[in-house]
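Novice: using only what follows, build the 3D model:
(one chain, ligands or ions: 2)
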Amino acid sequence: MEPSAPNEPIAALATPFGESAIALIRATGQGLEAIGGEIFQKKLPPRKAVFAPYRSREGDILDEVVVTFFASPQSYTGEDILEISCHGNPLICEKILRDLSARGIRAAEPGEFTRRAFLNGKMDLSQAEAVIDLIRARGDRALEAAQHQIKGVLGDQIRKFVDRLLQILAEIEAYIDFPEEDLPAEDHGGPLGELKALIDQVVRLAATSHYGALLREGVKVALIGAPNAGKSSLLNLLLSRERALVSDTPGTTRDFLEETVHLGKHCLRILDTAGLHLSEDPLECAGMEKTIEQLELADICLWVIDQTNPNFNLPVKARDSLPAKRTFVLFNKSDLAGASPPPKSPEDFPALSMSAKTGEGLDGLIARIDDLVEKENPGHQRDWIAVSARHAEALEEARSTLEKGLALLRQNEPVELAASELHNAIDAFARIVGKIDNEEMLDRLFATFCIGK
Ligand SMILES: Nc1nc2c(ncn2[C@@H]2O[C@H](COP(=O)(O)OP(=O)(O)O)[C@@H](O)[C@H]2O)c(=O)[nH]1
Ligand SMILES: [Mg+2]
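Specialist: Numbering: from 1, shown residues only. Ligands and ions are numbered 1, 2, ... in the order given. Now for the predicted structure:
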């Protein structure tokens with residue numbers, strides 16, 4: 001991002017571009033109270049919606065709008081903000097944005113409002129990141145996690161870690177002046193025991209990143225099985241539309257298809273793959289290789305088997321790639337099976353009977369997927385946290401330096417050495433909530449945002 005004056009006024013359309021009932025244009029920065037006064041030819045009271053004509057610099061009325069002025073520091077960004085709700089016509093939006101630009105307000109970059117909020121101390125970095133998580137959340141659990149994080153739950157947890165660490169540091173630093181005295185043993189309460197307990201907590205928090213990834217990226221569900229088992233029919237059923245070609249000619253799906261859908265409490269990324277069987281055809285073999293690659297990346301595997309004509313044969317490589325504990329067998333075509341019970345499940349994978357044609361058994365399948373994913377949920381208590389990959393990386397660094405510090409203390413090395421490791425851990429924690437002195441890192445972080453947020 002171009003270096004700019006810290007509170008230079010910026011503006012953007014905050015609602016999607018296109019025809020709509022209302023569009024919202026937002027501006028933040030220094031001097032907006034005066035600019036608002038010029039546009040609307042009156043003093044705007046803070047936090048009051050005012051219905052007024054928007055007058056351009058040339059004196060033309062561009063639209064009748066509702067404007068709300070937020071006075072610094074009581075605003076999203078901590079700066080003066082003007083929120084202009086106009087009619088949702090892209091031409092009106094363009095004219096207003098052009099007029100704002102003529103008044104010296106430049107176009108905002110993606111995420112620049114939230115970046116300002118962070119830089120002006122309105123939220124810590126983990127809260128700023130949660131804003132985009134909240135906008136992107138495509139599942140009940142992802143939404144919950146983002147709502148907790150936006151409240152600052154993660155930041156509070158990190159600050160607690162830092163407080164405890166500072167206490168431990170104070171305790172061990174007291175020994176610097178008494179090198180002949182030993183620190184109390186780890187199981188005698190003292191700072192070593194506390195440090196060990198802190199490390200355990202950090203490890204537990206970092207471990208939530210797996211669930212965090214499932215929430216942020218979606219749960220990858222691979223449909224595999226022999227040709228004609230009904231994989232593509234199942235994809236269409238899950239999506240409630242005809243996405244994949246369904247045919248009774250085996251080998252129709254040669255490449256793989258991926259589609260995202262919100263089912264149950266999570267967002268699922270469903271993958272329809274080329275049928276797996278023993279084949280010599282080079283095109284089919286290439287398709288199967290791709291399926292096997294995808295299997296290795298999948299969070300859940302659904303092995304679809306036609307229960308009226310069960311085929312348990314999979315190429316050895318595919319069978320070996322099926323993740324234990326994360327594979328279900330789906331005995332499909334229950335509508336054709338009549339009263340005969342489904343066959344025995346291969347390799348003791350949990351099995352379900354269903355019909356991709358009638359939808360029978362679908363609710364059961366979705367509940368099973370939810371249950372399996374929920375096992376990763378870090379806690380069912382209030383305000384649970386599922387950290388992101390960026391947080392996990394910082395936590396891992398904190399853990400590793402804390403471990404080093406603990407090892408030094410156990411070996412009775414000079415306390416200063418351990419203390420220096422603990423200070424490094426504080427820096428790693430600080431990266432989660434803010435204190436990023438690297439502009440590029442902030443650019444990358446906020447570049448994933450929408451414009452106007
Ligand atoms: N009766 C019945 N037919 C099904 C069911 N699922 C799939 N089929 C049919 O089985 C054939 C193969 O289905 P398809 O989804 O293309 O299988 P794929 O090769 O595994 O992707 C098609 O003729 C489907 O209409 C089912 O649950 N019941
Ligand atoms: Mg298919």
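Novice: quick one: is the host helix or strand of residue 291 near ligand 2?
Specialist: Assigned by DSSP states H and E, residue 291 belongs to helix 282-297. No - Helix 282-297 stays clear of ligand 2 (C-beta under 5 Å from the ion), getting no nearer than 10.3 Å. All C-beta spots, glycine's among them, are computed from the backbone N, C-alpha and C.
Novice: after that helix, next one along is what?
Specialist: Counting by DSSP H and E, what follows helix 282-297 is strand 300-306.
Novice: what's the helix or strand following that following strand in contact with?
Specialist: The C-terminal neighbour of strand 300-306 among helices and strands, as given by DSSP H and E, is helix 316-321. With C-beta atoms under 8 Å, 6 or more residues apart in numbering as the test, helix 316-321 has contacts from 224, 276, 288, 291, 292, 295, 296.
Novice: in TSV, list the residues you listed along with neighbour count and pLDDT.
Specialist: Output for these, formatted as TSV (neighbours: other C-beta atoms under 10 Å; pLDDT from 0 to 100):
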residue	neighbour count	pLDDT
224	28	92
276	26	80
288	24	75
291	27	82
292	19	85
295	22	87
296	9	87
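Novice: ok, and the closest non-adjacent residue to residue 392?
Specialist: residue 209 (3.5 Å; C-beta to C-beta, 6 or more residues apart in numbering).
Novice: I should have written residue 323 there, sorry.
Specialist: residue 301 (6.0 Å).
Novice: likewise residue 307?
Specialist: Going by C-beta to C-beta, 6+ apart, residue 307 has residue 331 as its nearest residue, at 3.9 Å.
Novice: again, but for residue 231
Specialist: residue 223 (4.3 Å).
Novice: pLDDT score for that neighbour?
Specialist: pLDDT, residue 223: 94.
Novice: same question, the one 3 residues further on
Specialist: At residue 226, the model reports a pLDDT of 90.
Novice: which residues does the nearest residue to it once chain neighbours are set aside contact?
Specialist: The shortest distance from residue 226 to any non-neighbouring residue, by C-beta to C-beta, 6+ apart, is to residue 311 (4.3 Å). Applying C-beta under 8 Å, 6+ apart to residue 311 gives the contacts 226, 229, 277, 305.
Novice: distance of the first one from residue 47?
Specialist: In this structure, residue 226 lies at 64 Å from residue 47, with C-beta to C-beta, to the nearest Å as the measure.
Novice: how about the strands in the protein?
Specialist: Here the chain has its strands, by DSSP state E, at 10-13, 20-29, 49-55, 61-70, 80-88, 106-107, 219-225, 257-263, 266-272, 300-306, 327-332, 351-353.
Novice: in TSV, list those along with distance to ligand 2.
Specialist: Formatted as TSV, the strands of the chain follow (distance: least, C-beta to the ion, whole Å):
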stretch	distance to ligand 2
strand 10-13	42
strand 20-29	39
strand 49-55	54
strand 61-70	52
strand 80-88	42
strand 106-107	46
strand 219-225	9
strand 257-263	9
strand 266-272	6
strand 300-306	10
strand 327-332	12
strand 351-353	19
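Novice: in a markdown table, list these along with distance to residue 408.
Specialist: Output for the strands of the chain, formatted as a markdown table (distance: least, C-beta to C-beta, whole Å):
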| stretch | distance to residue 408 |
| --- | --- |
| strand 10-13 | 49 |
| strand 20-29 | 48 |
| strand 49-55 | 61 |
| strand 61-70 | 51 |
| strand 80-88 | 50 |
| strand 106-107 | 52 |
| strand 219-225 | 42 |
| strand 257-263 | 48 |
| strand 266-272 | 43 |
| strand 300-306 | 43 |
| strand 327-332 | 45 |
| strand 351-353 | 53 |
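Novice: what about the residue in the stretch 351-453 of the chain positioned nearest to ligand 2, how many neighbours?
Specialist: For the stretch 351-453 of the chain and ligand 2, the shortest gap (C-beta to the ion) falls at residue 356, measuring 10.7 Å. Residues within reach of residue 356, counting by other C-beta atoms under 10 Å, total 26.
Novice: over to the one 5 residues further on?
Specialist: With neighbours defined by other C-beta under 10 Å, the count for residue 361 comes to 18.
Novice: for it, phi and psi?
Specialist: Here is the backbone geometry of residue 361 (degrees, to the nearest 10): phi 90, psi 0.
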